[in-house]
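Visitor: Mind looking at a prediction? Sequence and model below.
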Number of protein chains: 2
Amino acid sequence: MTEDDGFELSSFTPYLLNQAAEAQSVAFAAIYRNRYGMLRTEWRVLFHLGRYGPMTAKDISTSALVHKTKISRAVRALEQKRFLKRVERPGDGRSEYLVLRPPGEEAFRDLCHAAREHEAQLERRLGQQDARMLRQLLVKLRET
Amino acid sequence: MTEDDGFELSSFTPYLLNQAAEAQSVAFAAIYRNRYGMLRTEWRVLFHLGRYGPMTAKDISTSALVHKTKISRAVRALEQKRFLKRVERPGDGRSEYLVLRPPGEEAFRDLCHAAREHEAQLERRLGQQDARMLRQLLVKLRET
DNA sequence: GCTTGTTAGTTACAAAAGCAACTATCAGGT
DNA sequence: ACCTGATAGTTGCTTTTGTAACTAACAAGC
């Protein structure tokens, strides 16, 4: 028996974070997967365009900290679903603006609604105080 | 402009959890990947055996909430690294006890040490108060 | 002791993610 | 104008994960 044996995985922060993140996103992923056949990255791209308006793949990649190949494939998938279109960019021939089309906007609004619902449910489970505290701590962790 | 446009992804809990979990486990994963060529599930299996002693694949699967196919593959990988061996189970021919071998135990102790180090670093970044609070909230979330 | 249903674990195939190489465009210096 | 290096995005290949089907062993009822 060494003193290391006392180490507890079940209170190891990376482990806890993983379990929580897994549980939470599985629950929400079921929504956009079932309703629109979307993958997680597709939902994130959709969200960025819906929330912040037209932007390039690179912009989304930077903002969401997601690798450009994942963005590229998500954009193609959303394009095939007729959720967005590519618009030529005057100054730069390398990239295009990505713009939501009406079906994409509708899906965006619907999913925002579902996300709010999901968040409200979390708050009921955890209590408003604790839910807020958790968010704050996670933000702090990201920014530290 | 609908009211849904006000929804912020960057303070959506599942999103925050994902970012945090990703950042944290990438950092720790680098350690067991570089030192022992292990994958995340392998580390979890190793941990369970090191911490709780011999147990079956099913036991680990239940305890860690990881699907049995992932456990099966992780066990094989650890077996090939000579980190564990399979021991026949008298009463039940379907499953085997998984037992760490000396190299596995050594890796376990080393990784426990690294994990403590990692946790300590997090506490320095977040402050002891907040680090503890975060853990408590994540535990509460899991158990609610 | 023979069916029926369950459990542990593995395997095979498909979906997704990671990574490196590639094309095309741009920007700056000479 | 031309070279050099950087940037945006895509494609191909490999690794990892997810899912479902499968084998083998057990358990319970008849």
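Guide: The structure has been received and is ready for your questions.
Visitor: Rank the helices and strands of chain A by mean pLDDT and give me the bottom one.
Guide: helix A:13-36 (a mean of 90; mean pLDDT, DSSP states H and E).
Visitor: what's in contact with it?
Guide: A:9-10, A:38-40, A:42-43, A:81, A:107, A:110-111, A:114-115, A:118, A:122, B:13-14, B:17-18, B:20-22, B:24-25, B:27-28, B:65, B:118-119, B:122, B:131, B:134-135, B:138-139, B:141-142 (C-beta atoms under 8 Å, 6 or more residues apart in numbering or on different chains). Every residue, glycine included, has its C-beta placed from N, CA and C.
Visitor: May I see the buried residues of that helix?
Guide: A:13-22, A:24-25, A:28, A:31-32, A:36 (16 or more other C-beta atoms under 10 Å in any protein chain shown).
Visitor: Which one of the residues you listed is nearest to DNA strand C?
Guide: residue A:25 (10.5 Å; C-beta to the nearest atom of the strand).
Visitor: just the buried members of the contacts of helix A:13-36?
Guide: Judged by 16+ other C-beta under 10 Å, buried ones among these: A:9, A:38-40, A:42-43, A:81, A:107, A:111, A:115, A:118, A:122, B:13-14, B:17-18, B:20-21, B:24-25, B:28, B:118-119, B:122, B:131, B:134-135, B:138, B:141.
Visitor: same for the helix or strand hosting residue A:118, what does it pack against?
Guide: Using DSSP states H and E, residue A:118 falls within helix A:102-126. Helix A:102-126 makes packing contacts with helix A:13-36, helix A:40-52, helix A:128-143, helix B:13-36, helix B:128-143 when contacts are defined by 3 or more C-beta pairs under 8 Å, 6 or more residues apart in numbering or on different chains; DSSP states H and E.
Visitor: tilt between that helix and helix A:40-52?
Guide: Orientation check (axes from the mean of the first three to the mean of the last three C-alpha atoms, to 10 degrees): helix A:102-126 against helix A:40-52 gives 100 degrees.
Visitor: what's helix A:102-126 in contact with?
Guide: With contact meaning C-beta under 8 Å, 6+ apart, helix A:102-126 is reached by A:24, A:27-28, A:31-32, A:35-36, A:38, A:43, A:46-47, A:49-51, A:78, A:81-84, A:100, A:131, A:134, B:2, B:4-5, B:7, B:12-14, B:137, B:140-141, B:144.
Visitor: in chain A, which segments are predicted with low confidence?
Guide: A:1-6 (pLDDT under 70).
Visitor: and if we set it to 50?
Guide: A:1-2, A:4 (pLDDT under 50).
Visitor: any idea what sits nearest residue A:8, other than its immediate chain neighbours?
Guide: Nearest non-adjacent residue to residue A:8, counting by C-beta to C-beta, 6 or more residues apart in numbering or on different chains: residue B:51, 7.7 Å away.
Visitor: Same check on residue A:14?
Guide: Distances taken as C-beta to C-beta, 6+ apart place residue B:24 nearest to residue A:14, at 4.1 Å, with adjacent residues excluded.
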